[in-house]
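Enquirer: One predicted model, sequence on top.
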Amino acid sequence: MIQKPILDAACGGKMFYFDKNDPRVLFQDIRSFKDKDIYNGRTFSVEPDVVADFTSMPYPDDSFNMVVFDPPHLKYTSKKETKGWQVEKYGWLPRGCWREIIEKGFSECFRVLRPGGFLIFKWNETEIKVSEILKLTSEKPIFGHISGKRANTHWICFMKNPTTPPLSPENEND
């Protein structure tokens, strides 16, 4: 497997990337398809470098400087609901176990993140409040930003605790 400094654990269609083939990023998703008709002749592709589940990733501990985690945020319960264009584009979470899935995802993202590395987390509050999601990790965010037309997309930055203590003011010049 090609080692890159950044992992996108649930890349989907790579919609927020300036370069959808950025050589610094290892794109991963549980799905893989090309030019699927999702709505009235509109096609969509999910073309990861690695097909893997973000709840059980095939990488050693401390592998990446940065992890991007943009998991599905829609809950569905029936087969009919799992066939719409939004599900094809963004994926879905089973209604009964979404907490466990997101909690395992956070745990795996932090496991593969190097000490001192950054996790960039994206969440849309369409159905589940970000406050509920943040309860699923013991890690504390550094900062965040709300965006989108309805201001329900949250971008949140975490940093994995470094293994060495930060410099204190008295030994800063050492």
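Expert: Thanks, I have it. Note that the coordinates shown come from a computational prediction; the quantities given were computed from them, not determined experimentally. Numbers count the residues shown, from 1 in each chain.

Enquirer: Please make it C-alpha for all contacts and neighbour counts, starting now.
Expert: Fine.

Enquirer: Can you list the low-confidence ranges for the chain?
Expert: In the predicted model, the chain carries pLDDT under 70 at residues 1-2, 76-85, 164-174.

Enquirer: how about the strands in the protein?
Expert: Counting by DSSP state E, residue ranges of the strands within the chain are 6-8, 25-29, 33-39, 42-46, 50-51, 64-69, 75-76, 93-94, 113-124, 141-147, 153-159.

Enquirer: Let's have these in JSON lines, adding mean neighbour count and distance to Ile101.
Expert: Converted to JSON lines, the strands of the chain look like this (neighbours: other C-alpha atoms under 10 Å; distance: least, C-alpha to C-alpha, whole Å):
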{"stretch": "strand 6-8", "mean neighbour count": "23", "distance to Ile101": "17"}
{"stretch": "strand 25-29", "mean neighbour count": "23", "distance to Ile101": "14"}
{"stretch": "strand 33-39", "mean neighbour count": "13", "distance to Ile101": "22"}
{"stretch": "strand 42-46", "mean neighbour count": "16", "distance to Ile101": "20"}
{"stretch": "strand 50-51", "mean neighbour count": "18", "distance to Ile101": "17"}
{"stretch": "strand 64-69", "mean neighbour count": "23", "distance to Ile101": "13"}
{"stretch": "strand 75-76", "mean neighbour count": "18", "distance to Ile101": "12"}
{"stretch": "strand 93-94", "mean neighbour count": "16", "distance to Ile101": "8"}
{"stretch": "strand 113-124", "mean neighbour count": "21", "distance to Ile101": "14"}
{"stretch": "strand 141-147", "mean neighbour count": "12", "distance to Ile101": "19"}
{"stretch": "strand 153-159", "mean neighbour count": "18", "distance to Ile101": "19"}
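
Enquirer: so can I have CSV of the ones you listed showing distance to Ser131?
Expert: As requested, these are arranged in CSV below (distance: least, C-alpha to C-alpha, whole Å):
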stretch, distance to Ser131
strand 6-8, 23
strand 25-29, 25
strand 33-39, 31
strand 42-46, 29
strand 50-51, 30
strand 64-69, 16
strand 75-76, 17
strand 93-94, 17
strand 113-124, 11
strand 141-147, 12
strand 153-159, 11
